[in-house]
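Chemist: okay, predicted coordinates and the sequence, questions at the end:
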4 protein chains.
Amino acid sequence: MRIALSTGGGDAPGLNTVIRAAVLSATNLGWEVLGIKRGYAGLLGEDEIIPLTRDTVRGIGHLGGTILRTTNRLNPFRYPRREPNGTIREEDRSDELLHKAREFGIDAVISIGGDGSLAIAQRLYEKGMKVVSVPKTIDNDISGTIQTFGFDTAVSTAIEAIDKLHTTAESHDRVLVMEVMGRHAGFIALHSGLAATADVILIPEIPFDIAKVCDKILARDQAGRHFSIVVVAEGAYPVGGTHSTIGQSLPGEAERVGGVADRLARDIQLRTEKECRSLVLGHLQRGGMPTGYDRLLATRFGGAAVRAIAAQRWGEMVALQSSDIVTIPIKEALGRPKRVRLDDDVVVTARATGISFGD
Amino acid sequence: MRIALSTGGGDAPGLNTVIRAAVLSATNLGWEVLGIKRGYAGLLGEDEIIPLTRDTVRGIGHLGGTILRTTNRLNPFRYPRREPNGTIREEDRSDELLHKAREFGIDAVISIGGDGSLAIAQRLYEKGMKVVSVPKTIDNDISGTIQTFGFDTAVSTAIEAIDKLHTTAESHDRVLVMEVMGRHAGFIALHSGLAATADVILIPEIPFDIAKVCDKILARDQAGRHFSIVVVAEGAYPVGGTHSTIGQSLPGEAERVGGVADRLARDIQLRTEKECRSLVLGHLQRGGMPTGYDRLLATRFGGAAVRAIAAQRWGEMVALQSSDIVTIPIKEALGRPKRVRLDDDVVVTARATGISFGD
Amino acid sequence: MRIALSTGGGDAPGLNTVIRAAVLSATNLGWEVLGIKRGYAGLLGEDEIIPLTRDTVRGIGHLGGTILRTTNRLNPFRYPRREPNGTIREEDRSDELLHKAREFGIDAVISIGGDGSLAIAQRLYEKGMKVVSVPKTIDNDISGTIQTFGFDTAVSTAIEAIDKLHTTAESHDRVLVMEVMGRHAGFIALHSGLAATADVILIPEIPFDIAKVCDKILARDQAGRHFSIVVVAEGAYPVGGTHSTIGQSLPGEAERVGGVADRLARDIQLRTEKECRSLVLGHLQRGGMPTGYDRLLATRFGGAAVRAIAAQRWGEMVALQSSDIVTIPIKEALGRPKRVRLDDDVVVTARATGISFGD
Amino acid sequence: MRIALSTGGGDAPGLNTVIRAAVLSATNLGWEVLGIKRGYAGLLGEDEIIPLTRDTVRGIGHLGGTILRTTNRLNPFRYPRREPNGTIREEDRSDELLHKAREFGIDAVISIGGDGSLAIAQRLYEKGMKVVSVPKTIDNDISGTIQTFGFDTAVSTAIEAIDKLHTTAESHDRVLVMEVMGRHAGFIALHSGLAATADVILIPEIPFDIAKVCDKILARDQAGRHFSIVVVAEGAYPVGGTHSTIGQSLPGEAERVGGVADRLARDIQLRTEKECRSLVLGHLQRGGMPTGYDRLLATRFGGAAVRAIAAQRWGEMVALQSSDIVTIPIKEALGRPKRVRLDDDVVVTARATGISFGD
């Protein structure tokens, strides 16, 4: 048996942990393991195929990143090619990919990645590749699994950051706006904001009214709490507007620049006359050593992926349900992206403790 | 509406977080909240009853410990009384407790605690007290809830400790034995050991054979890995023996002293002739700032407990099931303590990656 | 004896630690301690004067921020007053300040703050106030003391951030530019960059050549290291240019927006054609729990300040020299701000290990 | 130029950091670098000599431990040999060591280690070896340098542990005794105890009176502070007694077992009737990722060691003095071990804030 591993999409803490667990589980079964570098580029002649042995994965279980490197720009179905004139054209190289996989004697593939990688895995599976997926998303927006590795680390990083901003906000009577990841799903903002006792949480699932955000801040001010912490998901947007209309709310203003947090901070300062600062957490959420929770979850996913191969569960994805790791069809996970439900107890408790969602 | 909060049993990171969330949720409903100090001692005249307000709980969400203090020695049904001659006699003071609660105008009680506190809560409920419980256990051995707050922090502390020991073990060619909590359930040892890539994990659910433990260590030695990490739950014991027979395996030896880890380390050193050191993590697992995961879970539990009171779900306990907080009858949780299942995917993956359970 | 404490300038981890140590030291001598809120605003009628007792400072030793709050906008010699027409006028209220201090029976003041606060303290001392200073600067740019509290925490925060970015940069073949504090002195960038093994460090003391920065990045690329980490102090600027000329180097470009890191990242991407991302660490450096080092240093400073008052060392500042806490005249510290010396062994070692300063 | 590196003595966070900085500095000068495994065992035929290149040291800067492994049992002047009958005999193999070093073409050696290693380095230097030392001690007890790497990490680990114990002690009204390293010097206990606000600190430099320790605990109790934290260095001992007499103070007691902390906890419980628990921090202090401070200091030491070789400063040791790295004769450092001075401002401030040293 010879299997291959691939990591695709953005970085997430725990990728190396999955790789380690899968390689150890597979080699202990007597299987051979290959690593395809940079998504599938290693199979398409642009990067390497490397053997993954017990020695290769020694000591990587707690390291962030992926020894296979990753990419979110090399979809084999729409693979970019640079023309002589410099323009980029996309072409379908999936047949070549399957051919190469056979040439290398690869019996099955473990594809570790987010929704983009899951969609590619599903199409490769439909073309006959024996593939098992491991879901990966910082944003926790993949259906069918309670959680994915990387999310707990991202939330923890956000909580630490809010804790740090908290003391400064309080000492200086300031409003601090912190932007976290979450283009379509507000889980990072919601979980970190509630755990770190933010005052306002803005998420894509709940369009906000800037006036209500400011009401909350001013109400705190009058109650003697002269500071506020606003956590905003990058995809949050105002009621009746779009993402890009944040910061356009005051007429006569010059065009706004910067991200959501910058524009929001400026609006709040103009409206409340309180000193306001913003911070974009950005890539800090994607890197670094995974938390204990993510190290365990990623290890369980890696082990389960090898068992799924042994059980020939092609086209399936490992997933956490209740407290067990199961497998579900990739197709099922792809159907309906996960979003924060408004009746989620996390939202309900957040409101109950006095947090405003700007609605 | 006037409710009271009580914390009982051993310390666990997240107690203050539960208190904060419950107090904010309740005061936002216009309720009054009292805090009973040291379990129920505050109601039995030995300690205080204090008002819990928005100000009382300010800034405690990320602090370990409990502002209400806690105890595992003041069961109201078997309350200790020191006789004039110095001996301790136990008496049932539950009627007095209910009487006092009525005197203070307490409409309902949120009891935060482990299996001991749950059993007390159930009996008080049966005597007519309107009680809702929040489960608390470092060991994660309470049924009906996937997890309780404090467990993730304890596991994280254990992982950090193993990480630290790892570098020294490797640099010095040593065997390091680390003892973690878990008298009846091995979850802390299992989760931290797998996440931190221990070589041997010994838990109460799987009696071990010291010869097999040493085989694993010597096999590693021969493969050029001259060090090993053994994680042992305090309640682990050898096949056919009992907890106290660890370290008795070699005839002619003087009586052993110290805990499981000490005795195990000594046995391994005698049998393998490798330098062996032990460490007891002890109270480090119980204290300190809760992890992000536990801060969120404890907040959700606190909020849910107040909602359970509003819904008059007397005699019930908040619990995490799938990704939601629900309530279940306390009685249900008490019936069957949670243990590591041998077919748990965590155990299966641990074995698959090469970890020995000494069996 | 009745003394008063004041904290001024930006937030820094360790302020509360100084306050705690000073209050305990003073109250153990039988002195009374007052806290002046928000710089000197508490004495000028805009905020409070509060008693500081053993109870007030309980449990604050490891908390960031300052219970006295702080400000960098309320210089008593140039105190802002809002005119009826809305404009801000500055006026000298130092006489009023001294008068109020006498009214409150304040015998001596411990002023905790940065160069702004030190200059104010010196002028108040010259006007007759009995003042002792505790230096505070995130940037470590105050002369006469090897280090100040807050700097080690800021450097640690920066190192953790670089560690996180490192894994993503490496996994994605990216250049990551991280901006840290340091308007005039590059200590944070230098120390964090060397400790966390950055590839390029840009500081105000060494004007950089963007071409040389890119040379370093491309040389790494050719050696198979397809990523690079650039740490830039907010005050770094190009040779022959000024701070604001960063990002102006390519003709025909539209005007740049954003901070140093943004503009630098854009320049590097244009020149190297490598994917480039930027991150501004901002207020994360100022807040949060102080490191062990800073908790100790801040405690030592607080204790030494009280001893300096007992020894009537008016107009002096506590300082770390060799491994001892001494006092020096504030005036001495004010004369010459501390900068990174080009022959500093930290710079020499950084160059020796292959780090480029862009020169 | 061909140099060799060796690490000796106990583990300390930062060893790999020194190795990395030295290897990069040396290879950038065009030198060749060898690594002698396990102290000098690699040269004496019992272990390996390995080439150390840029690739070897990649990514090890923040890892604890030493890739060269270490030992405190293989002194070349008293090298152990196991006789056929099983006994261990020591022999002087220093001539062989020098001979082997010449055979390998080693021009100079960087010896990284504690006082044992420094003494060996001095003797090898006297026999003609070109050696430069890098001091290493968790305990910070080497003279001539303000600090050594590893100490800040050990202190930080101890502080984190005390923080964790603190919440449990307070919630449970307990006395917690924590034992830290420091056989002859109490720096770890002193620095961590003061920074983490312990109530009692016991160090080898100040023999303690158990009655006074208990007085402090009982005085706190009466002031409503029903818990206490005692930090004890492993080498602390009672007035007029020796290390081993701790816990012998009560007549009629059976013989005590366990370490200092265990015996102390038992004594305190007997005398104060307060519940008392102990914890031995042990190897947790030696391992793991170095703090930012230690990563910087170790890097500076590594770079300075290579410069010392270039400057032919044989028989010297790198050292931190004021804020600079200098070199001093090894002999100077060996003469007088560093101890806590009773007039050290850290001791004075500790007493001033109310901490008892049991004297």
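Modeler: That came through, no problem.
Chemist: ok, A:Ala101 - contacts?
Modeler: By C-beta atoms under 8 Å, 6 or more residues apart in numbering or on different chains, the contact set of A:Ala101 is A:Ala4, A:Leu43, A:Val109, A:Met129. (C-beta placed from N, C-alpha, C; glycine too.)
Chemist: chain center to the host helix or strand of it: distance?
Modeler: Element membership of A:Ala101, judged by DSSP states H and E, is helix A:94-103. Chain-centre distance of helix A:94-103: 29 Å, with C-alpha atoms, centre = their mean, to the nearest Å.
Chemist: what's the first helix or strand after it?
Modeler: strand A:108-113.
Chemist: quick one: list the elements packing against that following strand.
Modeler: Contacts defined by 3 or more C-beta pairs under 8 Å, 6 or more residues apart in numbering or on different chains; DSSP states H and E place strand A:108-113 against strand A:2-7, helix A:15-28, helix A:115-126, strand A:131-135, helix A:292-310.
Chemist: so which of these is nearest chain D?
Modeler: helix A:15-28 (12.0 Å; C-beta to the nearest C-beta).
Chemist: now the helix or strand following the closest one against helix A:94-103, angle please.
Modeler: Using DSSP H and E, the helix or strand that follows helix A:15-28 towards the C-terminus is strand A:32-36. Interaxial angle, strand A:32-36 versus helix A:94-103 (axes from the mean of the first three to the mean of the last three C-alpha atoms, to 10 degrees): 150 degrees.
Chemist: which residues touch A:Gly358?
Modeler: A:Val200, A:Leu202, A:Ile206, A:Phe208, A:Asp209, A:Ile210, A:Lys212, A:Val213, A:Lys216.
Chemist: against B:Arg54, how distant is it?
Modeler: 22 Å (C-beta to C-beta, to the nearest Å).
Chemist: please apply the same query to A:Val213.
Modeler: 21 Å.
Chemist: quick one: the strands in the stretch 51-200 of chain A, in order.
Modeler: Taking DSSP state E, counting those that start in this stretch to define them, one finds strands in the stretch 51-200 of chain A at A:79-82, A:88-91, A:108-113, A:131-135, A:175-180, A:200-202.
Chemist: rounded mean pLDDT for the third one, please.
Modeler: Yep, that's strand A:108-113 we're talking about. Strand A:108-113 shows a mean pLDDT of 98.
Chemist: check what pLDDT A:Arg54 gets.
Modeler: The predicted local confidence for A:Arg54 is 96.
Chemist: next, count neighbours for it.
Modeler: By other C-beta atoms under 10 Å in any protein chain shown, the residues close to A:Arg54 number 15.
Chemist: try A:Pro207
Modeler: 17.
Chemist: residues contacting the closest residue to it other than its chain neighbours?
Modeler: Closest residue to A:Pro207 apart from its sequence neighbours, by C-beta to C-beta, 6 or more residues apart in numbering or on different chains: A:Val239 at 4.3 Å. Going by C-beta under 8 Å, 6+ apart, A:Val239 touches A:Pro207, A:Phe208, A:Asp209, A:Asp359.
Chemist: any idea how far A:Lys212 is from A:Val239?
Modeler: For A:Val239, the distance to A:Lys212 - C-beta to C-beta - is 9 Å.
Chemist: overlap in contacts, the two.
Modeler: A:Asp359.
Chemist: relative to D:Ala223, which of the strands of the stretch 51-200 of chain A is closest?
Modeler: With C-beta to C-beta as the measure, strand A:175-180 is the member of these nearest D:Ala223 (38.3 Å).
Chemist: how much space between the closest residue to A:Trp31 other than its chain neighbours and B:Arg266?
Modeler: Residue nearest to A:Trp31 in three dimensions, not counting chain neighbours: A:Met1, with 4.2 Å by C-beta to C-beta, 6+ apart. To B:Arg266, A:Met1 is 43 Å away according to C-beta to C-beta.
Chemist: top of the contacts of A:Val239 by neighbour count?
Modeler: Most crowded among the contacts of A:Val239, counting by other C-beta under 10 Å, is A:Phe208 at 24 neighbours.
Chemist: give me the low-pLDDT residue ranges for the stretch 151-300 of chain A?
Modeler: For the stretch 151-300 of chain A, the stretches with pLDDT under 70 are A:243-244, A:247-258.
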